[in-house]
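Undergrad: Below are the sequence and a predicted model; questions follow.
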Amino acid sequence: ASKHVTVGKQERRPLKLSLPGDPYGLVELTDVPKGKLTIAEALKALSSHQRDSQTWTPEKVAQEYSLNLKDTKALLEFFIPFQVQILPPKIDDAKQIKAS
């Protein structure tokens, strides 16, 4: 049961996900305008769709975050979150730089 709030003429929705703490000295958000995402929410939506696109369809993402379906389809098509992988060296006698 999400709670939508209207501020002025703009309808807002509560956040689905927020970053812990206040690392950048910004005021902590509690809600955003409908049709908008925070960076944390965008990354969560993108990674959920990337991991399980059968469950997290564009329609479900749009509904979950109160987004326009056309914008959601574009978001999921053109934005892909980075995956960082650290690959070990392939050879056993690889030289490593040691701290001095």
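TA: Structure's in. What do you need?
Undergrad: Please enumerate the helices of this structure.
TA: 39-51, 58-64, 69-78 (DSSP state H).
Undergrad: biggest strand in the chain, by residue count?
TA: The strand that spans the most residues within the chain, counting by DSSP state E, is strand 10-14.
Undergrad: Mean confidence (pLDDT) on that one, please.
TA: Strand 10-14 shows a mean pLDDT of 81.
Undergrad: for stretch 69-88, same thing?
TA: Here the average pLDDT along stretch 69-88 is 87.
Undergrad: Geometric centre of the chain: which residue is closest?
TA: Compute the mean C-alpha point of the chain, and by CA atoms, centre = their mean the closest residue is residue 43, 1.8 Å away.
Undergrad: so what's it up against?
TA: Going by CB atoms under 8 Å, 6 or more residues apart in numbering, residue 43 touches residue 81. (Glycine included, C-beta is placed from N, CA and C.)
Undergrad: ok so, going back, which of the helices of the chain sits closest to residue 91?
TA: For those, proximity to residue 91 was assessed by CB to CB; helix 39-51 is nearest, at 32.3 Å.
Undergrad: quick revisit: strand partners of the longest strand of the chain, parallel vs antiparallel please.
TA: strand 5-7 (antiparallel), strand 31-33 (antiparallel) (DSSP bridges).
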